[in-house]
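In: From the sequence below, what's the structure:
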Amino acid sequence: MELYTECKWPDWDRIVDIVVINGNKALEDINDENTYKILFLEDGEINIEENNIKKKISVPYFRLLSNRDKIKVTHRKPVKMTVVYFKPTAIRDEFEIKRIENKEFEEAFGQSIYQDYSLIMAFSSGDRKKEYELPISGVKRFKEIMAAIGKELDEQRDGFWPCRSRSHLFELLYYINYSFIFTENAGLDSKERDYFSETVEYLTEHINEHMTLEKLTKELAINRNKLNEIFMEKSSLTCMNYFTKMRIDLAKLMLKGTELMIGEIGDRVGYPDPNYFTKVFKQNTGFNPTDYRKSAS
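Out: As a prediction, the model looks like this:
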C-alpha cells in the first residue's frame, strides 16, 4: 500500500505524506521503514511479539512506532483500530529520517525547529516510553482527531486540505505529548503528579472549548488553591495561565506549519472571536498572529 495521500484535484500535483487506515488492514504496513506510526486500539484484542517478548494488548491503547520499531502480531480478532502513518517531514521539511537518526535535532538547532522536533522525539528515542493505556476519557479525543485527519485526506473539500490534515496531525501529537509524555517527569510526588497529569489531560482534550477555573475544579473535583499550587511548582504559572500557554503553543504550531486562515486557527484553539484571539496571542508572544507567521517562516 502507498503510505501517502495523493491529491484528487485535476492539474494539482500534490502528495501529503500522511494516511489513515482503519480495521485489521491498518496493521499490514506496521513495520514500514519509511514512516512513523500512531497505533490506536479502541476495541478488540491483539497479541504482539517484540524483541522476543509476547504480550496481550488491553484496550483502549495507543502506541508510537518509528521506522525502526518492529512488532509482530501473533493473534488478533476483529478489532476497532486506527493507524496514522506519516513521514516526519509532514511536520517540517527538515525532519528527514536520516537527519533524525543522526540526532541533528538533539542539539540546539534553533528554538523553533527544536520545539517542532519535540513533537516527534518520543518516536525515535530509545529511552522514552512509547505505549500507553488510554484513559476512557481520552478515547473521544483520540477518535475525533484521527477522524478529522482521515476526513480531510479523503474529502479534500477545499485547497486547504493539505494544511488542514497536517494541522490535525500537529493536534494529535500535541495532545499525546502534553497529556502523556511531558507529564511523566513532572518533578512532583505521585499524588501531585496525578493531579497535574489528570488536569493537563483534561485541558488538552478540551483545548478548543470555553473553560473556567470553576468549571475545571468542579469537573475534576479538585481544590482550586491546591491545583494552582501544583501548577506553580511545576510551571511557575497558575492553572489557567498554563492553559492559555497550551493554546498559544498549539496556535504557534499551526501558524508556522500551515497556511490556514488565522480565524480558523483561533477557533481551533478555543478563541472563536478573531479579535480576541489576536489580543491574547500578542499578550503572550509580543506578536500578532500575522507577524508571528512571517517571522517564523
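In: okay, residue 151: pLDDT?
Out: Here the pLDDT value assigned to residue 151 is 97.
In: With the one 4 residues further on instead?
Out: Looking at residue 155, its pLDDT stands at 97.
In: was I right about it contacting residue 149?
Out: No - between residue 155 and residue 149 there is no contact under Cβ atoms under 8 Å: 11.4 Å. For the C-beta atoms, the positions are set from N, CA and C on the backbone; glycine is no exception.
In: OK, contacts around residue 42?
Out: Contacts for residue 42 (Cβ atoms under 8 Å, 6 or more residues apart in numbering) come out as 59, 60, 79, 80, 81, 82, 139, 142, 143.
In: of residue 155 and residue 149, who's got more company?
Out: More crowded of residue 155 and residue 149, by other Cβ atoms under 10 Å: residue 149, with 25 against 10.
In: any idea which element that one lies in?
Out: Secondary structure assigned from DSSP states H and E places residue 149 in helix 136-155.
In: and that helix, what other elements does it pack with?
Out: strand 18-22, strand 36-43, strand 80-86, helix 161-176, helix 190-205 (3 or more Cβ pairs under 8 Å, 6 or more residues apart in numbering; DSSP states H and E).
In: at 6 Å what do you get?
Out: On a contact count with 3 or more Cβ pairs under 6 Å, 6 or more residues apart in numbering; DSSP states H and E, helix 136-155 meets helix 161-176.
In: ok, back up a step: buried stuff in the helix holding residue 149?
Out: Neighbour counts over helix 136-155 (16 or more other Cβ atoms under 10 Å) mark 138, 139, 141, 142, 145, 146, 148, 149, 150, 151, 152, 153 as buried.
In: Name the SS class of residue 34, please.
Out: Secondary structure for residue 34, judged by DSSP: H, G, I helix; E, B strand; the rest coil, is coil.
In: From residue 73, how far off is it?
Out: 20 Å (Cβ to Cβ, to the nearest Å).
In: Now for residue 121: which residues touch it?
Out: Residues near residue 121 by Cβ atoms under 6 Å, 6 or more residues apart in numbering: none.
In: Now do the helices in this protein.
Out: 97-101, 111-117, 121-124, 136-155, 161-176, 190-205, 213-220, 224-235, 239-257, 262-268, 274-285, 289-296 (DSSP state H).
In: Single out the most deeply packed of the ones you listed.
Out: Highest mean neighbour count among those (mean count of other Cβ atoms under 10 Å): helix 161-176, with a mean of 22.
In: could you give me the average pLDDT of that helix?
Out: The average of the pLDDT scores along helix 161-176 is 96.
In: gap between it and the chain center?
Out: 7 Å (Cα atoms, centre = their mean, to the nearest Å).
In: how about the CA coordinates for that helix, as CSV?
Out: Extracted C-alpha coordinates of helix 161-176, given in CSV (Å, rounded to 0.1, in the frame of the first residue of the first chain):
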residue,chain,number,x,y,z
TRP,A,161,-6.9,20.2,2.8
PRO,A,162,-3.1,19.6,2.9
CYS,A,163,-2.6,22.2,5.5
ARG,A,164,-5.7,21.2,7.5
SER,A,165,-4.8,17.5,7.5
ARG,A,166,-1.3,18.3,8.8
SER,A,167,-2.7,20.7,11.4
HIS,A,168,-4.8,17.9,12.8
LEU,A,169,-1.7,15.7,12.9
PHE,A,170,0.0,18.5,14.9
GLU,A,171,-3.0,18.5,17.2
LEU,A,172,-2.8,14.7,17.8
LEU,A,173,0.9,14.8,18.5
TYR,A,174,0.4,17.8,20.7
TYR,A,175,-2.3,16.0,22.7
ILE,A,176,-0.1,12.9,23.1
